[in-house]
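**Student:** I would like the atomic coordinates for the input below:
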Amino acid sequence: MLVDTHCHLDYFNQPGEEAAVVERARAAGVETLVTIGVTLKQSQQAIDIAEKYDNVWACVGVHPNHAADVLPVAAPEAIAEMAKHPKVIGIGESGLDYFYEKASRDVQAQNFRANIRAAQISGLPLAIHARDADDDIIRILQEERAGGGDFGFLLHCFSSTRKLAEAAVAMGGYISFSGILTFPKSLELREIAADMPLERLLVETDSPYLAPVPFRGKRNEPAYTVHTAKVLSEIKRISPEAVAELTTRNFHTLYGKAA
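**Tutor:** Here you go, the predicted structure:
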């Protein structure tokens, strides 16, 4: 069975749609889903959704593109308090986004550090959004680990540089691949995936975004995790069943609260 380690079930908000998406995922062999918060309000929605299903878990946090929506940035204690809920297994997604840069880089950094601190307080891992900000992601992770203590993390929807991937693995982090891995032009990304240790890899959809081949351009959903996992199995030259077993094991190692 597979785990979709990163999806946004709150976006499937038409009558009956959310339950149908969860059921289609289960039917496809994607037994566990993690629905992600991008604001404090949507984090609460993620919790509410997770409460309804035995196979759905939640992460709570503030996305860098929402870092400036409410200033000052969300206090780490407030995020950590939400994380006490029994269905919350992680913090995030948070990180840095210098592509859209909807918040200033300084505000993004403050928000990222607040989410890291929430991970340290709660003892839960952090789901990191990294876009065009690899050097600062590495620097902040190193500084916060040195100054405030260790914490688990994964780089979600990985599409960044080899430098960031190698730095993350060196710090004990995980790398989660989305449907981008299946795109024909993602040759460099597949080369990075080939070189990363299996015990540090996860798969996800980031649905409703980034549908994998053969659904590219359509709305993504957790059931499609199987297509990314299949491509990862081809890259690593192991069976799809082995990828499912290994990535599920990695998920439970990182997100111990879901065990």
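**Student:** Distance from stretch 230-243 to the middle of the chain?
**Tutor:** 20 Å (C-alpha atoms, centre = their mean, to the nearest Å).
**Student:** Show the end-to-end separation of that stretch, please.
**Tutor:** 8 Å (C-alpha to C-alpha, to the nearest Å).
**Student:** Now do that stretch, average pLDDT.
**Tutor:** Averaging pLDDT along stretch 230-243 gives 98.
**Student:** That stretch: which residues count as buried?
**Tutor:** Residues 230-233, 235-236, 240, 243 are the ones in stretch 230-243 that count as buried (16 or more other C-beta atoms under 10 Å). The way it works is simple: take the backbone N, C-alpha and C, and place the C-beta from them, glycine included.
**Student:** Roughly how far does the residue nearest the centre of the chain sit from L232?
**Tutor:** Ranked by distance to the mean C-alpha position of the chain (C-alpha atoms, centre = their mean), the top residue is H156 at 3.8 Å. Counting by C-beta to C-beta, to the nearest Å, the separation of H156 from L232 is 15 Å.
**Student:** A27 now?
**Tutor:** Taking C-beta to C-beta as the measure, A27 falls 21 Å from L232.
**Student:** got it, and G149?
**Tutor:** 32 Å.
**Student:** what kind of secondary structure is I128 in?
**Tutor:** strand (DSSP: H, G, I helix; E, B strand; the rest coil).
**Student:** OK, contacts around the residue lying closest to it once chain neighbours are set aside?
**Tutor:** Counting by C-beta to C-beta, 6 or more residues apart in numbering, G95 is the residue found nearest to I128 once chain neighbours are left out, at 4.3 Å. The contact partners of G95, by C-beta atoms under 8 Å, 6 or more residues apart in numbering, come to 63-64, 112, 128-131, 133, 137.
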